[in-house]
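A.B. asks: got a structure for you, letters missing:
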């Protein structure tokens with residue numbers, strides 16, 4: 001089973017008030033630019049549990065889910081990847 005990894009995210013608000021994530025920053029300071037947001041919808045994390053707004057993001061050519069759960073951002077990760 002996967003786990004939640006809470007991350008820092010830089011985001012902006014557009015004219016309609018939508019939140020658009022731009023970067024994910026890991027605890028160790030690594031920064032990953034979000035190349036493109038492909039989809040935004042309310043959804044549950046089937047791998048790690050929890051629910052919120054799910055952003056399907058393209059980062060370095062790879063699609064990944066980024067979740068906004070209440071006021072915290074998280075990604076799904078295998079337990080072995082957790083630091």
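C.D. replies: Arrived safely. The structure presented is a predicted model; accordingly, all values stated were derived computationally and were not measured.

A.B. asks: ok, so what distance separates the residue nearest the centre of the chain from residue 32?
C.D. replies: The centroid of the chain falls nearest to residue 66 when counting by Cα atoms, centre = their mean (2.0 Å). The gap separating residue 66 from residue 32 is 10 Å, by Cβ to Cβ, to the nearest Å. Backbone N, C-alpha and C define where each C-beta goes, glycine included.

A.B. asks: Okay, strands next: where are they in this structure?
C.D. replies: 2-13, 19-25, 31-33, 36-44, 51-59, 62-69, 72-78 (DSSP state E).

A.B. asks: buried stuff in the second one?
C.D. replies: Yep, that's strand 19-25 we're talking about. Residues of strand 19-25 classed as buried: 21, 24 (neighbour count, 16 or more other Cβ atoms under 10 Å).

A.B. asks: Show me what it is in contact with.
C.D. replies: Contact partners of strand 19-25, identified using Cβ atoms under 8 Å, 6 or more residues apart in numbering, comprise 7-14, 31-34, 37, 53, 55, 57, 59, 66, 68, 73, 75.

A.B. asks: Out of those residues, which end up buried?
C.D. replies: Counted by 16+ other Cβ under 10 Å, the contacts of strand 19-25 give 7, 9, 34, 37, 55, 57, 59, 66, 68, 73, 75 as buried.
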